[in-house]
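1. fold the following and give me the result.
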Amino acid sequence: MKILILGLGQYPQGSGVSAALYFARRGEEVTVTDLKTAKELKENVGQLKKFKNVRFVLGKHDLKDIESTDLVVANPRVRRDSREMKLAIKRGIPIESDISLFLAQCPARVIGVTGTRGKSTTATLIAEMLKAGGAKVWLGGNILVSPLTFLSKVKKDDLVVLELSSWQLESLGEKGISPPVAVWTNLMRDHLNTYKSMEEYAEAKAQIFRHQKPSDIVFLPVDRSFDGYAREAASRVYRTGKKKNRESIICYSTKLKVVGEHNRKNAEMAVAVALRLGVKVSAIKSALRSFKGLPNRLELIATTKGIKYINDTTATTPDATIAAIKALSNNSLQLPLFKRGRVHLIFGGADKELEFVEVAKMLKRFFVNVALLPGTAHTKIVKAFRHDKFFYQDAPNLRTAIKTLQSQARVGDTILLSPGCASFGLFKNEFDRGEQFKKLIKG
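-> Residues are numbered from 1 along each chain as shown. Have a look, this model is predicted:
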């Protein structure tokens, strides 16, 4: 059988390379293609080079490969309106994703987690709580680990937690597949550089429950914006976020290491899922108390000369930056200026067709000092800042931004990387941005 991997990808356990390895080990004839070059994809190419049944077409996509294949396995970021996908659809060639391949063969119960923000944290918390309850748990998906990497090891009595992006859910929706346990953390403006409208983006997210059975369950926030989805669900619906809900009481009575109202909501959602899957409260509380958060999400990198350095590179939307500033500021607005620890923010990057009006107001309100990185969002950000008469400083690169803010920070202050934008242009991806920040801080 001829297999075309459309989009090798750059992550070592990501969708493309994992699918390629899966089929290569089965002896299929595999063609791997990606717009990036062999040099850019060196690590993943290296994983596949030992297989004589793997052929590479890198730096481009060749339509001839579409025409001659029996099956296309598409990377989640390959759009359905691309010429390659259009041709595959026109020719009637089956299209799969690593997630759809996994779900078709997985013997265990699957919990799918999506949301604009907090899906990685919520998915990880759910997995930790289930483990604390004694279950064998597998965690994968958009958290940079394709579930195909552990498919062969999953047993019937295990549990699988998958973080699912809007792109991954689109591919499942086309197959009429939803996980039996669906978790939707929130819905905010994002990826409008890819989706035509907020409605289109929301519908991609909604695929997490659209194809569930009546015996399945979906967890939705209590926010009014989810009322319509709750009515439309064919499955059982549980709403989180009510003050007197059991999960809310558990979270408020447990000291969390992660900061911010957004993380408390993530924790509540995870607790709700764990409770309904039969995990004891004592195990849930143990997992909550020990959870330190994930890398690249309000991650404390160092404290040097009384100044904290925090990496929040996964904040790729203005809403995420707002949540970070609020989490770090706590109740500092009640203190006089000379007693506050000031936040010095590295902001900016690539535009995702989002608005910066609200974040500009919030930065001014919290007296945040900003170094603004270049990128396609720069003009729009500057317009919002000037409208609010908010002072900012341009920085041509990350190194300069750090040095500028270091010269202005004092003991008790925080230098925060929370860009509110995508990373394209200056960095390989958001994680590369975070790694560069760490290296510059630690020398």
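2. which one is residue 226 nearest to, not counting chain neighbours?
-> The shortest distance from residue 226 to any residue other than its chain neighbours is 4.5 Å, reached at residue 220 (CB to CB, 6 or more residues apart in numbering). Every residue, glycine included, has its C-beta placed from N, CA and C.
3. next, count neighbours for that neighbour.
-> 25 (other CB atoms under 10 Å).
4. ok, residue 109 next?
-> Each residue near residue 109 was counted by other CB under 10 Å, and the total is 15.
5. residue 306 now?
-> Neighbour tally, residue 306, other CB under 10 Å: 11.
6. does it touch residue 414 like I think?
-> No: between residue 306 and residue 414 there is no contact, the gap being 10.5 Å when judged by CB atoms under 8 Å.
7. whichever strand or helix holds residue 403: what's the following helix or strand?
-> Using DSSP states H and E, residue 403 maps to helix 398-408. Heading C-terminal from helix 398-408, the first helix or strand you meet, by DSSP H and E, is strand 414-417.
8. and that following strand, which strands flank it?
-> As defined by DSSP bridges, the strand partners of strand 414-417 come to strand 307-311 (parallel), strand 343-347 (parallel).
9. let me know the next secondary structure element after the last one.
-> Tracing the chain past strand 343-347, the next element assigned as helix or strand by DSSP H and E is helix 357-365.
10. now the strands paired with strand 414-417 as CSV including mean pLDDT, mean neighbour count and distance to residue 202?
-> What follows is the strands paired with strand 414-417, written out as CSV (pLDDT from 0 to 100; neighbours: other CB atoms under 10 Å; distance: least, CB to CB, whole Å):
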stretch, mean pLDDT, mean neighbour count, distance to residue 202
strand 307-311, 97, 21, 29
strand 343-347, 98, 26, 26
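11. how about the ones you listed in JSON lines, adding distance to residue 156?
-> Listed next are the strands paired with strand 414-417 as JSON lines, based on distance: least, CB to CB, whole Å:
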{"stretch": "strand 307-311", "distance to residue 156": "39"}
{"stretch": "strand 343-347", "distance to residue 156": "47"}
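12. could you give me the average pLDDT of the host helix or strand of residue 286?
-> Following DSSP H and E, one finds residue 286 within helix 281-290. Across helix 281-290, the average pLDDT comes to 98.
13. okay, the angle between the very next helix or strand once past that helix and strand 307-311?
-> Sequence order places strand 299-304 as the next helix or strand after helix 281-290, per DSSP H and E. Interaxial angle of strand 299-304 relative to strand 307-311 (axes from the mean of the first three to the mean of the last three CA atoms, to 10 degrees): 160 degrees.
14. who are the packing partners of strand 299-304?
-> strand 307-311, helix 430-442 (3 or more CB pairs under 8 Å, 6 or more residues apart in numbering; DSSP states H and E).
15. could you dump the helix holding residue 403 to CSV, C-alpha only?
-> Provided in CSV are the C-alpha atoms of helix 398-408 (Å, rounded to 0.1, in the frame of the first residue of the first chain):
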residue,chain,number,x,y,z
LEU,A,398,14.4,39.2,22.0
ARG,A,399,17.9,39.9,23.3
THR,A,400,17.5,43.7,23.1
ALA,A,401,14.0,43.4,24.7
ILE,A,402,15.5,41.6,27.7
LYS,A,403,18.4,44.0,28.1
THR,A,404,16.1,47.0,27.9
LEU,A,405,13.7,45.7,30.5
GLN,A,406,16.6,44.6,32.8
SER,A,407,17.9,48.1,32.8
GLN,A,408,14.5,49.4,34.0
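16. that concludes my questions; thank you for your assistance.
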